[in-house]
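> Take a look and give me a structure for this.
(one chain, ligands or ions: 1)
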Amino acid sequence: MDKKVSFTDELPDVTISALLQKQNNVVQPCVIVIGSGISGLAAARSLSEASFNVTVLESRDRIGGRIHTDYSFGCPVDMGASWLHGVSNDNPLAPIIRRLGLTLYRTSGDDSILYDHDLESYGLYDMHGNKIPPQLVTQVGDAFKRILEETEKIRDETANDMSVLQGISIVLDRHPELRQEGIAYEVLQWYICRMEAWFAVDANLISLKCWDQASEPILLSIYKHILPTDECLSGGHGLMVQGYEPVIRTIAKDIDIRLNHRVTKVSRTSNNKVIVEVEGGTNFVADAVIITVPIGVLKANLIQFEPELPQWKTSAISDLGVGNENKIALRFENVFWPNVEFLGMVAPTSYSCGYFLNLHKATGHPVLVYMAAGNLAKDLEKLSDEATANFVMLQLKKMFPDAPDPAQYLVTRWGTDPNTLGCYAYDVVGMPEDLYARLGEPVDNIFFGGEAVNVEHQGSAHGAFLAGVSASQNCQRYIFERLGAWEKLKLVSLMRNSDILETGTVPLQISRM
Ligand SMILES: Cc1cc2nc3c(=O)[nH]c(=O)nc-3n(C[C@H](O)[C@H](O)[C@H](O)COP(=O)(O)OP(=O)(O)OC[C@H]3O[C@@H](n4cnc5c(N)ncnc54)[C@H](O)[C@@H]3O)c2cc1C
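Modelled structure (predicted):
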């Protein structure tokens, strides 16, 4: 990772003793980071290692944001991010995972997302509890692959954008042989449901034109047999067996983090400072600010800017979509389900399909995690936790009529949680293609990090991490350019090597190859 290297070119030619004489008079530059998700923490860590004075302001009473490992079941259960996408040393999170000796359970050895879990490790059922023959699942999967391939042609043919669902519909008109009937149709809906879960939005809302540009690793993953995958992180997808929390704690170590500090306003002053106002009236003054709050929070204008952000920035914020995905985790006293990674229900619409991640297979704990995305995720947030758990149990009982009640359950509400207001960014039909890049552009001494700023890996933990490091580097460069020669020298003399970004030789621990 490119870090701190370019600054030293601008140093004055001095002796160490002269430097030491001057050192005590130099004030370290001060930066505020808003948000203690993985992006904000990565930014803060990188600034701190570069000897900047950094304070993180976090609205919640916990760190981690959309990475949240819950321990109330007596075992770690990730209610936000749970997979490492790209189980390889190229993944920027690999050095931390390796150093902590965390285990990854690889649900897929390749980079696909639709076929990211071996088909033999799925148990698919219809609404009446009948198991779907695996050959049929494979056969419909092959048809779905062809359909996706054909949608690419539609995109190349048409100047105007359309939704992925419209693209699929045109393909099926042109290629009646790819249409599915009866139970095969329901299996196709289940594949669409899985795709929608990845994007966290229904297929009628995803832009056909942009989904490879903005969600490039995702599309390449979908088209793994069709398009080259050289820009994807390789290594497939691995579940964090001990949960993501240790990674968060490691990045956050020794950083000045103020919990329960909800930022309401960011003002730029005429003397190049920023004033960051927190609910309750406290003000923090700094040389720069890095904003890493979720795109949903920015879209809802929960932070006021003085002067207002320029139009190119506000339009990027409003034009990006934000999807939703919720998890409902159920802990049982005993395991009564088969030893597969995923249990899925097929149905006549993708909305009514569903699936459970079987944590027992990966971690040994008797836990199933239901995942709902798009409109279903939104609708579930209208219910109480108890009603949501009941709904999920009804789904489970379609497959296993004798399923007992869970001993405990957990329900997320990422869409209505005011600290998140959505799951992660997606491309809305008909919008410009440079939104992620614009979102990441600084406005003077206001810098932007967060998942939605990463042009290549948005919607991921490693993408958010990289966006934080990148925002920190831009911020450092900005401040460094404005320092006098002695301040520069002081700063460089204090910089230390990163203890978390280092690349070691310890291999990643993968429990399933
Ligand atoms: C259900 C779900 C499943 C996912 N699964 C995966 C997965 O398996 N693998 C993967 O790689 N990625 C996954 N992701 C995506 C991944 O979790 C995110 O991309 C990443 O965690 C985002 O990090 P971030 O730092 O950008 O934002 P966040 O983690 O959201 O951090 C932003 C922080 O800002 C705080 N904040 C908000 N408003 C304010 C305010 N006004 N003042 C101060 N602080 C504020 C928030 O409380 C939060 O702590 C998933 C996400 C969800 C929701």
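> Point out the residues in the stretch 51-200 of the chain that sit beside the ligand.
Neighbours of the ligand within the stretch 51-200 of the chain, by C-beta under 6 Å from any ligand atom: Leu57, Glu58, Ser59, Arg60, Gly65, Arg66, Ile67, Gly80, Ala81, Ser82, Trp83, His85. All C-beta atoms are positioned from the backbone trio N, CA, C, and that covers glycine.
> do the chain as well
34-40, 57-60, 65-67, 80-83, 85, 262-263, 292-294, 297, 302-303, 325, 327, 414, 419-420, 423-424, 450-451, 459-461, 464.
> What count of nearby residues applies to the nearest residue to Ser207 once chain neighbours are set aside?
Once flanking residues are discounted, Ser207 sits nearest to Asp427: 4.1 Å by C-beta to C-beta, 6 or more residues apart in numbering. Using other C-beta atoms under 10 Å, Asp427 has 29 other residues around it.
> ranges for the helices of the stretch 201-350 of the chain?
216-222, 245-252, 295-299, 311-319 (DSSP state H, counting those that start in this stretch).
> Give me the distance between the shortest one and the centre of its chain.
Taking C-alpha atoms, centre = their mean, to the nearest Å, the mean C-alpha location of helix 295-299 is offset from the chain mean by 14 Å.
> Listing request: residues of the stretch 1-150 of the chain with sub-threshold pLDDT.
1-26, 109-120 (pLDDT under 70).
> Likewise for the chain?
For the chain (pLDDT under 70), the answer is 1-26, 109-120, 211-232, 499-513.
> The lengthiest helix in it packs against which elements?
Longest helix in the chain, counting residues (DSSP state H): helix 134-157. Here helix 134-157 touches strand 122-125, helix 164-174, helix 182-199, going by 3 or more C-beta pairs under 8 Å, 6 or more residues apart in numbering; DSSP states H and E.
> how much space between Glu150 and Ser163?
For Glu150, the distance to Ser163 equals 15 Å [C-beta to C-beta, to the nearest Å].
> Show me what the helix or strand harbouring Val469 is packed against.
Element membership of Val469, judged by DSSP states H and E, is helix 461-482. Here helix 461-482 touches helix 38-49, strand 83-85, strand 288-291, helix 435-440, strand 446-448, going by 3+ C-beta pairs under 8 Å, 6+ apart.
> Export those to a markdown table and append columns for mean neighbour count.
Listed next are the helices and strands packed on helix 461-482 as a markdown table, based on neighbours: other C-beta atoms under 10 Å:
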| stretch | mean neighbour count |
| --- | --- |
| helix 38-49 | 29 |
| strand 83-85 | 25 |
| strand 288-291 | 28 |
| helix 435-440 | 21 |
| strand 446-448 | 25 |
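> Which among the ones you listed is found nearest to Gly484?
strand 288-291 (16.9 Å; C-beta to C-beta).
> Just list what that closest one packs against, helices and strands only.
strand 30-34, helix 38-49, strand 274-278, strand 446-448, helix 461-482.
> Could you export that strand as PDB, CA atoms only?
C-alpha atoms of strand 288-291 as PDB (Å, rounded to 0.1, in the frame of the first residue of the first chain):
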ATOM      1  CA  ALA A 288      -9.500  18.900   8.300                       C
ATOM      2  CA  VAL A 289     -12.300  16.500   8.600                       C
ATOM      3  CA  ILE A 290     -12.900  13.000   7.100                       C
ATOM      4  CA  ILE A 291     -16.500  12.000   6.800                       C
END
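> Paired strands for it, with orientation please.
Counting by DSSP bridges, the strands paired with strand 288-291 are strand 30-34 (parallel), strand 446-448 (parallel).
> rewinding a little: got the angle for the helix holding Val469 vs strand 30-34?
Orientation of helix 461-482 against strand 30-34 (axes from the mean of the first three to the mean of the last three C-alpha atoms, to 10 degrees) gives an angle of 150 degrees.
> show me the contacts for Ile275.
Lys265, Val266, Ser267, Thr269, Asn283, Phe284, Val285 (C-beta atoms under 8 Å, 6 or more residues apart in numbering).
> mind running it again at 7 Å?
Ser267, Thr269, Asn283, Val285 (C-beta atoms under 7 Å, 6 or more residues apart in numbering).
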